[in-house]
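1. from the sequence below, what's the structure:
(one chain, ligands or ions: 1)
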Amino acid sequence: MHTHIVLYILGYPFTLFSKKSTIQSPIPSPFHRRLLGLEQCKMGSLGAILRHPDDFYPLLKLKMAARHAEKQIPPEPHWGFCYTLLHKVSRSFAIVIQQLGTELRNAVCIFYLVLRALDTVEDDTSIPTEVKVPILMAFHRHIYDRDWHFSCGTKDYKVLMDQFHLVSTAFLELGRGYQEAIEDITMRMGAGMAKFICKEVETNDDYDEYCHYVAGLVGLGLSKLFHASGLKDLASDSLSNSMGLFLQKTNIIRDYLEDINEIPMSRMFWPHQIWSKYVNKLEDLKYEENSVKAVQCLNDMVTNALIHVDDCLKYMSALRDPAIFRFCAIPQVMAIGTLALCYNNIEVFRGVVKMRRGLTAKVIDRTRTMSDVYGAFFDFSCMLKSKVNKNDPNATKTLSSLEAVLKTCRDSGTLNKRKAYIIRSQPSCSDCCSFHHTGYPFCISFCKPIN
Ligand code: IN0
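-> Numbering: from 1, shown residues only. Reported below is the predicted structural model:
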C-alpha cells in the first residue's frame, strides 16, 4: 500500500511516502532513464528519513530549490517549453543549471534538449536503420530549421520531438558562439552514434570511443559553452572528455539490469573484452549461479571507470567560476558515490542500485568548493577500498587506482575541512552494505532502504 504523509513546513506541503516510491520511467531508452534519476518531486520514503534523519534538512532544501527553480521558468512560450521539459526529465540537473548566469543557462538548457532529441532518435528501435542514420548525420542542420520535424520516442520525449520547433526557436536566439559549439558537437555526436548503430562494443577502445561520442563530446561542448560565456581558459579536450566518460561509464555499470531486461533488449555497452573473461554471454551475469563471476566482472568495470578520476579532479580544480564549478562537480561526486555503492555489490544484477535520495540531496547541498570535492572523493574512495577483496582478480589494479585518488585528495591539504559523508557505525543502521564485515570502522550512510 502506498500511503503518504504530508508535512506542512512554512505553509508548504511536503510529501513523505510510507513506502519507497518506485517511480519507474516509462521511457525505454537507457539514456533517458539515467537522466530521470532524480526527477521525482517527492521528499522520499518515510522509512529512509527515519533511518537517516540528517537527510531531512538537505531534502527539504532541495525541494525548496526545485520549487524556486520552477517559479523562474521564463514566460516566453518557447523558453517556457524548454525549461518545463528540462524540469520534467531531469529535476536535479534543472536545479543545478539554475544557478548559472542567464545566457549560459539558456545555452546549456538547449544543448541538453538537443542532445536528448538526438538520443531519442538513436534509441527508437522502431526506426529502420536506413531512416535513422541520415537523421543522425544531419541533426546539426535540423536545429537551424524551425520547420523540421520527426516524430518518434514516447511520453516526454515524444513531446520533445513533436514540439522540436520550439527548441529550434530558442536555439536561434542564442549567441553565435553558443550556436557554433552546439552545432559542432551535435554533428560529431550524430556521426558517432550512426557509426555505432551497426557496431558492437567489442574492445575497451570501442567502449571509450562510444562513450566519447555520447558523453565525452558533451564535456567538450560544455567547455566550449563555458568559454563562449566569458570563461578565460578553455579546458583541454582530453580532460573534458574524461569528465563525460566517468559519468557515462558509471551509468552503464549501474543500469546493467534495467538495460538487459528491457523488451526488446536495449543495446548493451559493457565491452566484450571485459565480460568475456567471466561469462559466455553478457546476460549470464544476472543468473544466480554466476554470482561470483558477475561481481568480479562488475569490479573490473568499476576499475575501468576509475581510470578517469584523476583527469576529472584536474578538470574541476581548474574551474574558477563558482556556479560552473558546482554545475560540473555535483554529477561527478554523484558518480563516485554510485561506483562506491555498486562495487562488489551483487544487487546491481538483482535490482536498482541507486544512491539514497537523501544522500543525493546532501551531495547537492555540500558540493561548493574543490575542498568539498576532494573530501567526497576521499570518503567514497575509502569506502571503495574497504570493499576490495584481496581474492578479486583485479584487486591490485583497483587498489592502486584508489591509492592514487586518495593521495591526490590528501595532497590537496584540505581534507580536514570536509563534511564527511560517512558516519561512525551505528548498531541501529541495519541497511548498511557489507562494511561491517570488512573491518572498516565506518558504516556507509548511503545504502538503499530494505523494502
Ligand atoms: C550532462 C552531464 C554533465 C554535467 C556537468 C558537467 C559535465 C561535463 C562533462 C560531461 C557531462 C557533464 O550531467 C548530467 C547529469 C544528470 O543528468 N544527472 C541525472 C541523474 C542521474 O542519475 O543520471 C539527473 O536527473 O539530474 C548527465 O548525466 N549527462 C549530461 C547530459 C547533457 C549535459 Cl549538457 C550535461 C548525460 C551524460 C551522458 C553523462 C553526458
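2. buried residues in stretch 271-288?
-> Pro271, His272, Gln273, Ile274, Trp275, Tyr278, Val279, Leu282, Leu285, Lys286 (16 or more other C-beta atoms under 10 Å). Just so you know, the C-beta spots here come from the backbone N, C-alpha and C atoms, and that holds for glycine as well.
3. quote the end-to-end distance of that stretch.
-> One end of stretch 271-288 to the other measures 21 Å (C-alpha to C-alpha, to the nearest Å).
4. taking the stretch 351-451 of the chain, what residue is nearest to the ligand?
-> Lys354 (7.3 Å; C-beta to the nearest ligand atom).
5. double-check that that residue belongs to a helix.
-> No - assigned with DSSP: H, G, I helix; E, B strand; the rest coil, Lys354 falls outside any helix and is coil.
6. over to it: give its phi and psi.
-> phi -130, psi 150 (degrees, to the nearest 10).
7. ditto for Leu306
-> According to degrees, to the nearest 10, Leu306 has phi -60, psi -20.
8. tell me who's in contact with it.
-> Leu339, Thr398, Ser401, Leu402, Val405 (C-beta atoms under 8 Å, 6 or more residues apart in numbering).
9. export those as a markdown table, with columns for secondary structure and distance to Pro134.
-> Shown next, in a markdown table, are those (DSSP: H, G, I helix; E, B strand; the rest coil; distance: C-beta to C-beta, whole Å):
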| residue | secondary structure | distance to Pro134 |
| --- | --- | --- |
| Leu339 | helix | 37 |
| Thr398 | helix | 43 |
| Ser401 | helix | 42 |
| Leu402 | helix | 45 |
| Val405 | helix | 43 |
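10. name the helix or strand of this protein that has the lowest mean pLDDT.
-> helix 30-35 (a mean of 36; mean pLDDT, DSSP states H and E).
11. list of residues touching stretch 273-281?
-> 202-204, 207, 282, 285, 290, 293-294, 296-297, 300-301, 304, 393.
12. now, the most widely separated pair of those?
-> Greatest spatial distance in those: Thr203 and Asn290, 22.7 Å, computed using C-beta to C-beta.
13. and those two? which has more neighbours close in?
-> Asn290 (18 against 13; other C-beta atoms under 10 Å).
14. torsion angles phi and psi at the closest residue to the more buried one other than its chain neighbours?
-> Spatially, and ignoring its direct neighbours in sequence, Asn290 is nearest to Asp284 (5.3 Å; C-beta to C-beta, 6 or more residues apart in numbering). Main-chain dihedrals, Asp284, degrees, to the nearest 10: phi -60, psi -20.
15. distance of Asp284 from Trp275?
-> 9 Å (C-beta to C-beta, to the nearest Å).
16. and stretch 299-314, what's buried?
-> 299-309, 311-314.
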